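J.: Compute the structure for the input listed below.
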Amino acid sequence: MVPPAGPAPLNPQQTQQFLSSVLSQRGPSALPYSEDTKWLIRQHLVALTSSYPSLDPKTATFTHNDGRSVNLLQAEGTIPMTFQGVTYNIPVIIWLMDSYPRHPPCVYVNPTRDMIIKRPHPHVNPSGLVSIPYLHNWIYPSSNLVDLVRNLGLHFSRDPPLYSQRRPNPNPNPNFNPNQSPSFSPNQAPNPAVSYARPAIPPRSYPPSPYGGGSVQTEDPAEVYKKNAVNKLVEVVHGDILSMRKAREAEMEGLFNAQGMLRHREDQLRKGVKEMHDEKEGLEQQLQMVLMNTDVLEVWLRENEGKVRSFGENVDVDDAFVCTDALSKQMMDCTAADLAIEDVVYSLDKAAQEGVLAFDQYLRNVRLLSREQFFHRATASKVRAAQMQAQVANMASRVSHYGGDTHEAQMQAQVANVAARISQYGGDTDALPRVRA
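T.: Residues are numbered from 1 along each chain as shown. As a prediction, the model looks like this:
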């Protein structure tokens, strides 16, 4: 006898309304799914009920191993499988955990009172939890419930997980039933109380099931035509959904590329802003140096304004500029001698080219002048280093005059710059004074 059919499954429109209602709830009764995946969950369940009407989506309470209870979506019903050319239905429950669809759902076989789980089974443990490679290789967002159910049917077809539990008949019928299939467990010993005969009796009556021994009923041609039309429409809608999904995935890929480009430009802008900030600090340091030099020039002008008036209009250039110390006078003498030797060597080159001066005499004079010029330049280099040290000492003494941590930091940078320049001329940078913070 074929078991009575359960409540009629929801039509696609009612299923969509139900899913839209439960996924749009807010507050304490809201389902624990992230907002960015609720639309995809709805699409997965709609596609599942369209492909497998025997599975109904509903909400139920799921209890974890640690005792926690949470309200989740599930798809409960039967999965068709083909064994030895006959289609059977396996009752299952597919739980959509709170991390779905980034993680796979939990699938349990749901045996009725007259069914038992085959032990051992490669894909179903004694508690009914199903484990197949498709669940282990779940990939978000390409994996979906339709492909999962299809894989479940294929694995169950190879090795059915449920068997019907038959009790011995006190009045057995000696007649042989040709429709009866042999037992799936030939290696097990016969048991007078319980025998494992065949896959479980389905709780629904979508495909015909031979478990109860009922007769096969002929279907109405109009119903067959209606079912074929519905299946064709479902295939068309499924194809449209796949094309729309591909288009949306291409659109999302373009948006991800644009996001990466915008982030790259953001990094470039940040780098540019940092470079401009560093350049601003450098310009502020230069401005501080210019202000300090301006103060020095103003002081010098005030001190020498009376001297200019005393000379009147007849001012000799040599008398206008006077060396302030011995180092300055020594630097001026060395520089003047160096430039004078440079002019003499140039005149000797011209004389040698025109044949006025003999070549050996030209070489002798150039050697003597070059030796003298070397000493003048070496002396000028030492004098320049000593002047740099004096300049740094003067700058260090004026830090307190300008005050402020920023000015002290700028002055430290200027002192370091001058120290680097001194090292180029062979000066002693260790003898430089340090600016006290």
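
J.: give me the number of residues near residue 286?
T.: The number of residues packed near residue 286 is 12, by other Cβ atoms under 10 Å. Using the backbone N, CA and C atoms, a C-beta is placed for each residue, glycine as well.

J.: Now it: which helix or strand?
T.: helix 221-311 (DSSP states H and E).

J.: on contacts alone, who are the packing partners of that helix?
T.: Judged by 3 or more Cβ pairs under 8 Å, 6 or more residues apart in numbering; DSSP states H and E, helix 221-311 is in contact with helix 38-51, helix 405-424.

J.: ok, and what's touching whichever helix or strand comes after the first one?
T.: Taking DSSP H and E as the definition, the helix or strand that follows helix 38-51 towards the C-terminus is strand 55-63. Counting by Cβ atoms under 8 Å, 6 or more residues apart in numbering, strand 55-63 makes contact with 9-10, 15, 18-19, 22, 31, 45, 48-49, 69-79, 94-95, 97, 149, all of which sit outside it.

J.: which of those count as buried?
T.: With burial judged by 16 or more other Cβ atoms under 10 Å, the buried subset of the contacts of strand 55-63 is 9-10, 15, 18-19, 22, 31, 45, 48-49, 71-79, 94-95, 97, 149.

J.: Give me the pLDDT for residue 273.
T.: For residue 273, the pLDDT comes out at 95.

J.: how far away is it from residue 43?
T.: 44 Å (Cβ to Cβ, to the nearest Å).

J.: Give me the more crowded residue out of those two.
T.: Neighbours of residue 273 and residue 43, each counted by other Cβ under 10 Å, are more numerous for residue 43; the result is 18 against 10.

J.: just checking, that one touches residue 242?
T.: No - if you go by Cβ atoms under 8 Å, residue 43 and residue 242 don't touch, sitting 11.2 Å apart.

J.: Which parts of the stretch 51-200 of the chain are strands?
T.: Secondary structure of the stretch 51-200 of the chain (DSSP state E, counting those that start in this stretch): strands located at 55-63, 69-83, 86-96, 106-109, 115-117, 162-166, 195-196.

J.: helices or strands up against the fifth one?
T.: In this case it means strand 115-117. If you count contacts as 3+ Cβ pairs under 8 Å, 6+ apart, strand 115-117 packs onto strand 162-166.

J.: strand partners of the strand it packs on, parallel vs antiparallel please.
T.: strand 115-117 (antiparallel), strand 195-196 (antiparallel) (DSSP bridges).

J.: rank those strands by mean pLDDT and give me the bottom one.
T.: strand 195-196 (a mean of 36).

J.: centroid residue for this structure?
T.: By Cα atoms, centre = their mean, the chain has its centre lying nearest to residue 260, at 9.5 Å.
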